[in-house]
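[1] 3D model of this:
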Amino acid sequence: MNDELVTQAAGAEELGVLVGAVGAAGFFSLMIVIVWQVAATWRARMLAAREEQYKELATRYAQLLEDTVELQHRTAEDQRRLLEDLAHTRLAVGSMEKMMREIE
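    Residues are numbered from 1 along each chain as shown. Sure, this is the predicted structure:
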């Protein structure tokens with residue numbers, strides 16, 4: 001009977017070691033999965049924040065582009081008016097030169 005008890009105790013001890021090893025492996029696997037999921041969630045939040053920043057930059061760029069186009073149109077209109085004024089001034093100076101030559 002002692003031999004049976006020793007055999008059962010040895011079997012129970014081996015079973016306890018096996019259960020402990022499986023439990024430790026399960027615990028570490030669970031911890032790995034938790035860390036992995038936390039990292040994936042953090043990464044997804046960072047990507048979403050970056051996407052939002054890109055959208056804001058794109059909106060600001062579009063507004064700046066519209067402002068630039070408007071300024072270019074204004075500049076072109078101002079240049080057209082200046083050219084017209086210069087042409088009128090040249091005509092007036094030409095007329096004055098012609099009149100001055102006739103007076104001499």
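
[2] Low-confidence ranges, the protein, go.
    Along the chain, the model assigns pLDDT under 70 to residues 1-12, 104.

[3] hey, where'd the helices end up in it?
    2-103 (DSSP state H).

[4] can you pull the buried residues of stretch 45-59?
    Residues of stretch 45-59 include none that count as buried (16 or more other Cβ atoms under 10 Å). For every residue, glycine as well, the C-beta is placed using N, CA and C.

[5] thinking in terms of the whole chain, how far from its middle is that stretch?
    Computed by Cα atoms, centre = their mean, to the nearest Å, the chain-centroid distance of stretch 45-59 equals 4 Å.

[6] With stretch 15-24 instead?
    So, by Cα atoms, centre = their mean, the centroid of stretch 15-24 is 49 Å from its chain's centroid.

[7] what does stretch 84-101 give?
    The answer for stretch 84-101 is 59 Å, by Cα atoms, centre = their mean.

[8] before we move on, what about stretch 28-47?
    That offset, for stretch 28-47, works out to 22 Å (Cα atoms, centre = their mean).

[9] Next: stretch 54-65.
    In terms of Cα atoms, centre = their mean, the centre of stretch 54-65 is found 11 Å from the chain centre.

[10] same check, this time on stretch 16-35
    The answer for stretch 16-35 is 40 Å, by Cα atoms, centre = their mean.

[11] Now do the buried residues in that stretch.
    Using 16+ other Cβ under 10 Å as the test for burial, stretch 16-35 gives no buried residues.

[12] Next, count neighbours for residue 89.
    Under the neighbour criterion other Cβ atoms under 10 Å, residue 89 is assigned a count of 10.

[13] Could I get the contacting residues of it?
    Residue 89 is in contact with no residue at all, counting by Cβ atoms under 8 Å, 6 or more residues apart in numbering.
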